[in-house]
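# Task: produce atomic coordinates for the following.
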Amino acid sequence: MVDKRTYHIVIGSKAFFDAQVKKLEEKQDEEYEENVIKIFLELVRLSDERKQRGYPFLDEDKASIMILKNDNYHGIVESAHDRLGSLIEELTTDDAIIYIHNPPIILEAYLEGLHYRGLIHLSRDKEEYSINRQPENFSGNMKRIAHNIFGQDEAIVEISKSMWYLTTANRKKPYVIMLYGGSSLGKSELVREIADKFFNGKFVEKHLSMFKNDAYSHYFFGDRPNRRSLGFDLLERESNLIFLDELDKCPEYFYSAFYTLFDNAIFSDATYELDIFGLLIVLTSNYNNMNEMKDRLGLPIFYRIDKFIHFKDFSEKTIYDITMSEIESHVKECNEKINAIDVYKRVSLVIQATGENARTIKNKIQSAIEEMLFQEVKDISTL
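Model prediction:
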């Protein structure tokens, strides 16, 4: 009987992959008890070292059980990605068990071809993602979110409609929401609240303002297989919530990468292909109105967004509520060495009734409290 390698492809997060490997370890019986699980990248380095010294890679060096983690793809030169399949074979025994985490397209196609010809055993495990669909908890979750997000009652109503739809329907294509309005009005905080109440606190977060020029094109288009990319991060996600912050600060030439992401159940780049069934993508921007968004984003992106939710500027009451909440938090943090009334008297002189946001309010309160605490030092020293 001809020996065959056994490949287990595992699609999902690192935690999911590690759980599948643990199952392998638990299943090992006496037949495998002397075998050591070896890591692909460590074997590559050993093989390269042997070659540099003019020594052969020996049979006893080969792995009978090998793990190929997804970050191992970044540890080899770009040219080696074209021969990943044959490289695995060089490093393993003919009857090896190989666990592969989130393989690139080229490796998966290679293994599919071998399996079709009956040359290997091939199986797949895929992580399943879910949203909290417990209707009895929905109202309570949204009330808690409303309590934690100041001054955005209309936005909370609209996000409630979307979340109820997503927890009721079985949508395949991603659902894309744009939260727009001025800076520090609660947009990012809302995304984190949604993650906490509906996705076990887990989400993928990308700050698009960091991607400033075409030097980052490999991230969006996956054209550098030995570099991290959007496809790599989506495969490694732990939930179906994706947060893309500050879309308005992302260069326009990256928008084409979002066409596929927003509009299809399958996302593909030059290196990876993956399903994105049921994905919730939340975008944020500082645009002031819909017309500005149309002009700045362009219609191809604009019409791929399912819903737009506006965050309005804070009212005088909202500014007061945030101020008092922040003061109370600081008083507790300082073990009540300062008095909330005294803090309010000081900050009320510098916090305006209009035009403030959460960041400016917090900065002014922080500055006032530091000055008040430092006064104790000034009173007892020569400073």
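# sec struct for the nearest residue to residue 218 once chain neighbours are set aside, please.
Spatial nearest neighbour of residue 218, chain neighbours left out: residue 224 (3.8 Å); criterion: CB to CB, 6 or more residues apart in numbering. In this view, the C-beta of every residue, glycine as well, is placed from N, C-alpha and C. Assigned by DSSP: H, G, I helix; E, B strand; the rest coil, the conformation of residue 224 is coil.
# per-residue confidence at residue 224?
Residue 224 is assigned 81 on the pLDDT scale.
# try the one 4 residues further on
Per-residue pLDDT puts residue 228 at 87.
# Quick check, it in contact with residue 220.
No - counting by CB atoms under 8 Å, residue 228 stays clear of residue 220, with 11.3 Å between them.
# When the two are compared, which one has more neighbours?
Neighbours per residue (other CB atoms under 10 Å) separate residue 228 from residue 220, with residue 220 holding more: 23 against 16.
# quick one: contacts for the residue nearest the centre of the chain?
Centroid check for the chain by CA atoms, centre = their mean gives residue 204 as the closest residue, at 1.5 Å. Each residue near residue 204 by CB atoms under 8 Å, 6 or more residues apart in numbering is listed here: 233, 234, 237, 239, 241, 242, 243.
# what sits up against stretch 314-323?
150-151, 185, 344, 347-348, 351-354, 356-358, 361, 365.
# residue boundaries of the helices in the stretch 51-200 of the chain?
Listed in chain order, the helices of the stretch 51-200 of the chain (DSSP state H, counting those that start in this stretch) span 84-91, 105-116, 135-148, 153-168, 187-198.
# any idea how far residue 200 is from residue 359?
Here the criterion is CB to CB, to the nearest Å. By it, residue 359 lies 28 Å from residue 200.
# the more surrounded of these two?
Between residue 359 and residue 200, counting by other CB under 10 Å, residue 200 is the more crowded of the two (14 against 11).
# For the residue nearest to that one when sequence neighbours are not counted, the count of nearby residues, please.
Leaving aside its chain neighbours, residue 200 sits nearest to residue 239 (6.7 Å; criterion: CB to CB, 6+ apart). By the measure other CB under 10 Å, the count of residues near residue 239 is 20.
# Also residue 91?
Neighbour tally, residue 91, other CB under 10 Å: 22.
# pretty sure it contacts residue 47?
Yes - Residue 91 lies in contact with residue 47 (CB under 8 Å); the separation is 6.5 Å.
# Residue 7: which of the helices of the stretch 51-200 of the chain is closest?
helix 105-116 (5.6 Å; CB to CB).
# could you say what helices and strands the closest one packs with?
Where contact means 3 or more CB pairs under 8 Å, 6 or more residues apart in numbering; DSSP states H and E, helix 105-116 is packed against strand 5-11, helix 84-91, strand 120-126.
# Repeat the analysis, applying 10 Å as the threshold.
If contacts are counted by 3 or more CB pairs under 10 Å, 6 or more residues apart in numbering; DSSP states H and E, helix 105-116 sits against strand 5-11, helix 84-91, strand 92-101, strand 120-126, strand 273-275.
# do you know which of those lies nearest residue 190?
strand 273-275 (26.7 Å).
# same for the helix or strand just after the closest one, what does it pack against?
Using DSSP states H and E, the helix or strand that follows strand 273-275 in sequence is strand 280-285. Other elements packing on strand 280-285 under the criterion 3+ CB pairs under 10 Å, 6+ apart are helix 153-168, strand 175-181, helix 187-198, strand 204-207, strand 241-245, helix 255-263, helix 290-297, strand 307-311.
# what's the angle between the helix or strand containing residue 19 and strand 5-11?
If you go by DSSP H and E, residue 19 is part of helix 14-27. Between the axes of helix 14-27 and strand 5-11, defined by axes from the mean of the first three to the mean of the last three CA atoms, to 10 degrees, the angle is 150 degrees.
# pLDDT of helix 14-27, averaged?
pLDDT averaged over helix 14-27 gives 84.
# quick one: contacts of it?
For helix 14-27, contacts defined as CB atoms under 10 Å, 6 or more residues apart in numbering pick out 8-13, 32, 37, 65, 67-71, 97, 99-102, 125-128, 202, 236, 238.
# ok, and for it, which residues are buried?
By neighbour count on 16 or more other CB atoms under 10 Å, the buried set for helix 14-27 is 16, 17, 20, 21.
# For those, give me JSON lines that also has distance to residue 135.
JSON lines is the format used below for these (distance: CB to CB, whole Å):
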{"residue": "16", "distance to residue 135": "27"}
{"residue": "17", "distance to residue 135": "33"}
{"residue": "20", "distance to residue 135": "32"}
{"residue": "21", "distance to residue 135": "36"}
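# quick one: which of these is nearest to residue 162?
Looking across the buried residues of helix 14-27 and measuring by CB to CB, the closest to residue 162 is residue 16, at 27.2 Å.
# other SSEs contacting the longest helix along the chain?
The residue-count maximum for a helix in the chain (DSSP state H) belongs to helix 358-380. Applying 3+ CB pairs under 10 Å, 6+ apart, one finds that helix 358-380 contacts helix 316-333, helix 340-347.
# By mean pLDDT, show me the worst of those.
helix 340-347 - the lowest mean pLDDT of those, at a mean of 86.
# Test my guess that residue 237 contacts residue 206.
No - look at residue 237 against residue 206 with CB atoms under 10 Å: they stay out of range, at 11.2 Å.
# Neighbour count for these two, which is higher?
Shown here are residue 237 and residue 206; by other CB under 10 Å, residue 237 has more neighbours (19 against 16).
# Can you tell me the element that one falls in?
If you go by DSSP H and E, residue 237 is not part of any helix or strand.
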